[in-house]
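S.K.: Have a look at this prediction, sequence included:
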Amino acid sequence: MPPPAGTSVVHEAVDKVEVADNTHMDMSQVIQAQQAAEAEKAMTLGQAMKHFHKGILWSMLLSFALVMDGYDIVIINSFWGLPAFLNRFGQIDASGERYISADWQAGLNNANNVGNVIGLAINGFCQYRYGSRKTYIGGMLFMIGAIFIVVFAKDMPMLFGGELVCGIAWGIFQTLTTAYAAEICPLAVRAHLTSFVNICWAMGLFIGAGVVRGTINITGDWGWRMPYVVQWVWPVPLIFVALFAPESPWWLVRKGRNEDAKRSIARCATAGYYSDEELNARVALIEHTHALEHAETKEQSILNCFKGSNLRRTEIVCVVWAIQYWCGQPMTGYAAEFASFGLNLGNYAMLLAGTILVWFFMGKLGRRTIYLAGQALMAVELGTMGILGFFATNSNVSYGIGALMLIFNFTFACTVGPTCYTIVGELPASEVRVQTVVLARMTYIVSGIINSQLTPRMISNTEWGWGARCGLFFLGTNLISFIYCYFRLPETKGRTFGELDILFRNRVAARKFAETKVVEFETDIETPKSKVEEKSAELQVESV
């Protein structure tokens, strides 16, 4: 039985996959969408920074919400030896010394993760329904109240609850800022804005270390309260930023608010950059991309993340984010086990410098290349650390392991670390981008909880006592991750969201994404169609 008129099919060997065509759109809109896509792909980084510095600034300012997440990680782990904290919350051991039990240490660390999961679920609903700005403002108002709980905590259960409630807000910001950065500015700066989230997180680590150092001599309860009080610095100014920031034009078009979408697009660019015709073209491009995705998923639901080509995309972003733990990076948080000098600030500096450095290469080398290269380099470094672990009783070897960890962390910081955020922001379909990023972050958190139980035991002399030899364990997980990425992780460099939709719908192999030519638009009025042409084999999408 032939397919109904107006339906597009893909002819690739014996496979047939339904995809969207342009027949529901006026041909003038299709031509406008094509012109907008070509203009976006032709734009250089310099042109984007010159003409879209407003949009870049909005995205970067909103991403500063993630500073608080990195900040909290540092301060909570600094409390275990802080006299003021021990006097309030510590237990007394047989020798009369105060301490925080291992169970409460793990509980407070995991409270953040539990809250993150709740916040992610909330954001998956709210950002899609209410938009980025309202969700962001709501999260910040919630954050102001949550900080009261930790500042005035009376006992460990109350502090646990406060950390959990704060984690809800951080869960909202984790995925909101990544999705917003992917949609607010042109293709040329997409990688830079999504990876900037990683810089904000690293900045939080730095600020946290400085605040802890500055408050260490404060006696009484304010010695541990003051680091929490500092968190009130962020919400109010960021609320004002969100009040005036432009909404994502992709969300506005999805809600049928095309005129608002045009105003949002215009606000991201310099005054007079867009003509009315060009604004119409930008909106037409967004509508065209939505049309491609609507053909596969008619109803709006998080379940769409697991339907059709979205299942492959969801799988990839979930694994890519989980790899941030399984590549071996958690080892660097325990560097003091192997050397007598402090390496934490060095690690934080590496995270900042690495992300800035990768900005110069991501546009040329691509996401897939950088990600795979980083995994390969880290595998060599992990193997070397693991072997040196058999000789760690030698003090010189111990220093060598510590130095190698700095090198390892720098490799992570300029490859897997920041590139992950770009991949996660770009790969999902625009219709389910928020929900897909939420699922990916949940996978990351689960991996973190597992790692937080395994890594300390592997390293601690009182547990499994592997020390640096656990590098061999992470060498294994890193190699498995490398093999996965080689076969499953596609290259997204230079691709519009519409092109990615077509590539995934046509089941193009990940290794062929970069060399595949995509013709997203066919402007013949009588035979509108989309098609994909590979160097090795042509995939033709025809109207029938």
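M.R.: Yes, it's here.

S.K.: what pLDDT, on average, does stretch 318-331 get?
M.R.: Computed over stretch 318-331, the mean pLDDT rounds to 90.

S.K.: Let me know whether Phe89 touches Met156 as I believe.
M.R.: Yes - between Phe89 and Met156 there is a contact under CB atoms under 8 Å: 5.5 Å. Yep, even glycine has a C-beta here, placed from its N, CA and C like the rest.

S.K.: overlap in contacts of these two?
M.R.: Trp104 (CB atoms under 8 Å, 6 or more residues apart in numbering).

S.K.: Return the residues in contact with the residue positioned nearest the centre of the chain.
M.R.: By CA atoms, centre = their mean, the chain has its centre lying nearest to Tyr421, at 3.3 Å. By CB under 8 Å, 6+ apart, the contact set of Tyr421 is 178, 194-195, 197-198.

S.K.: For Ala510, see how far away it is.
M.R.: To Ala510, Tyr421 is 19 Å away according to CB to CB, to the nearest Å.

S.K.: Nearest to Met68, out of the contacts of Tyr421: which one, please.
M.R.: Each of the contacts of Tyr421 was checked against Met68 using CB to CB; the closest is Val197, at 12.7 Å.

S.K.: Tell me which residues touch that closest one, please.
M.R.: 63, 66, 177-178, 181, 421.

S.K.: So which of these sit within helices?
M.R.: 63, 177-178, 181, 421 (DSSP state H).

S.K.: Looking at those, which is nearest Trp250?
M.R.: Ala181 (12.0 Å).

S.K.: show me where pLDDT drops low in the protein?
M.R.: Scanning the chain for pLDDT under 70 picks out 1-25, 295-300, 333-344, 392-395, 462, 522-544.

S.K.: can you map out the strands along it?
M.R.: 8-11, 18-19, 91-92, 98-99, 517-519, 531-533, 538-543 (DSSP state E).

S.K.: on that earlier part again, kindly give a single PyMOL line that selects the buried subset of the contacts of Val197.
M.R.: Of the contacts of Val197, the buried ones can be selected in PyMOL as follows, counting by 16 or more other CB atoms under 10 Å:
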select buried, resi 63+66+177+178+181+421
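
S.K.: of all the contacts of Val197, which two lie farthest apart?
M.R.: Leu66 and Ala181 (10.9 Å).

S.K.: Give me the domain ranges for the chain.
M.R.: As assigned by the TED database, the chain contains the domains 29-245, 300-520.

S.K.: so can I have TSV of the ones you listed showing distance to Asn258?
M.R.: Output for these, formatted as TSV (distance: least, CB to CB, whole Å):
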stretch	distance to Asn258
domain 29-245	11
domain 300-520	15
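
S.K.: Out of those, which gets nearest to Glu278?
M.R.: Of the domains of the chain, nearest to Glu278 by CB to CB is domain 29-245, at 7.3 Å.

S.K.: Just the terminal-to-terminal distance for that closest one.
M.R.: 28 Å (CA to CA, to the nearest Å).

S.K.: again with stretch 145-162
M.R.: 10 Å.

S.K.: ditto for stretch 501-510
M.R.: 13 Å.

S.K.: what's the distance between that stretch and the middle of its chain?
M.R.: 22 Å (CA atoms, centre = their mean, to the nearest Å).

S.K.: Kindly report the same for stretch 61-70.
M.R.: From the chain centre to the centre of stretch 61-70 is a distance of 12 Å (CA atoms, centre = their mean).

S.K.: Which residues does that stretch contact?
M.R.: Taking contacts as CB under 8 Å, 6+ apart, the residues outside stretch 61-70 that touch it are 132, 136, 139-140, 143, 170, 173-174, 176-177, 180-181, 193, 196-197, 200-205, 207-208, 231, 234, 238, 241-242, 245.

S.K.: now, which of these lie within helices?
M.R.: Those of these lying in helices (DSSP H): 132, 136, 139-140, 143, 170, 173-174, 176-177, 180-181, 193, 196-197, 200-205, 207-208, 238, 241-242.

S.K.: check contacts around the residue lying closest to Phe410 once chain neighbours are set aside.
M.R.: Excluding the flanking residues, the one nearest Phe410 by CB to CB, 6 or more residues apart in numbering is Met350, at 4.3 Å. Residues in contact with Met350 (CB under 8 Å, 6+ apart) are 406, 409-410, 412-413.

S.K.: swap the cut-off to 10 Å and go again
M.R.: 202, 332, 343, 357, 405-414, 417 (CB atoms under 10 Å, 6 or more residues apart in numbering).

S.K.: Pick out the most distant pair among the residues you listed.
M.R.: Leu343 and Leu357 (19.5 Å).

S.K.: more crowded one of those two?
M.R.: Between Leu343 and Leu357, Leu343 has the larger neighbour count (other CB atoms under 10 Å), namely 20 against 16.

S.K.: returning to what we had before: derive a PyMOL selection command for the buried subset of the contacts of stretch 61-70.
M.R.: In PyMOL, a selection of the buried entries from the contacts of stretch 61-70 looks like this (16+ other CB under 10 Å):
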select buried, resi 132+136+139+140+143+170+173+174+176+177+180+181+193+196+197+200+201+202+203+204+205+207+208+231+234+238+241+242+245
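
S.K.: I figured Ile144 was touching Ile239, is that so?
M.R.: Yes - Ile144 is within contact range of Ile239, at 8.7 Å (criterion: CB atoms under 10 Å).

S.K.: Report how many residues lie close to Val253.
M.R.: Quick note: Val253 (other CB under 10 Å) scores 24 neighbours.

S.K.: mind listing what it touches?
M.R.: Per CB under 10 Å, 6+ apart, neighbours of Val253: 260-262, 264-265, 282-287, 289-290, 430.

S.K.: Kindly recompute the last result at 8 Å.
M.R.: 261, 283, 286-287, 290.
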